[in-house]
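Undergrad: what follows is a predicted structure for the sequence shown.
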Amino acid sequence: ATSARRVSGRRVRHTGPVVEQVTEGQVAESSVRLTAVVTGMVQGVGFRYSTRALAMTMQLRGVAENLPNGDVLVIAEGAQPDCQKVLDWLHGTGPRIVRRPGRVDFVDARWGPAEGGFRSFTCR
């Protein structure tokens, strides 16, 4: 199986492999990790919980966490197309099945292979 390439920068598109379904505790070799730092009015508006709701509809694992500087860190692991939908949603262009509260000014996204360690998608 081919592993995902690491790509850094803004508004990136990942061309990695399609991921097979995995059971709890496993990480598919071809799973990807999206790490995004979201800047804007994203704390105190329900942003983390909306991110979690979207990620859970796609069976992704990870976390949405408030950072001390007012940004939100989003880590999502799973199938690349589903992680891409989360990134698109963060940018305001993705699925509208969950309302995106607050205001997003900038998203710094990075891609890499999934590392595991998440049992579900949580908020901190």
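TA: Done, it's in.
Undergrad: could you pull out the strands for the chain?
TA: 7-10, 32-41, 61-66, 72-78, 103-113, 121-123 (DSSP state E).
Undergrad: how about CSV for those, with distance to residue 89 added?
TA: Where C-beta positions appear, they are placed from N, C-alpha and C, glycine not excepted. Shown next, in CSV, are the strands of the chain (distance: least, C-beta to C-beta, whole Å):
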stretch, distance to residue 89
strand 7-10, 16
strand 32-41, 10
strand 61-66, 12
strand 72-78, 10
strand 103-113, 10
strand 121-123, 13
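Undergrad: adding distance to residue 94 and mean pLDDT, write these out as JSON lines.
TA: Shown next, in JSON lines, are the strands of the chain (distance: least, C-beta to C-beta, whole Å; pLDDT from 0 to 100):
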{"stretch": "strand 7-10", "distance to residue 94": "16", "mean pLDDT": "35"}
{"stretch": "strand 32-41", "distance to residue 94": "12", "mean pLDDT": "97"}
{"stretch": "strand 61-66", "distance to residue 94": "15", "mean pLDDT": "97"}
{"stretch": "strand 72-78", "distance to residue 94": "12", "mean pLDDT": "97"}
{"stretch": "strand 103-113", "distance to residue 94": "11", "mean pLDDT": "96"}
{"stretch": "strand 121-123", "distance to residue 94": "16", "mean pLDDT": "95"}
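Undergrad: residues in contact with the spatially most central residue of the chain?
TA: In the chain, the C-alpha closest to the average C-alpha coordinate belongs to residue 76, at a distance of 3.5 Å (C-alpha atoms, centre = their mean). Neighbouring residues of residue 76 by C-beta atoms under 8 Å, 6 or more residues apart in numbering: 33-34, 36, 55, 60-62, 82-83, 86, 121.
Undergrad: ok, of the residues you listed, which come out buried?
TA: 33-34, 36, 55, 60-62, 82-83, 86, 121 (16 or more other C-beta atoms under 10 Å).
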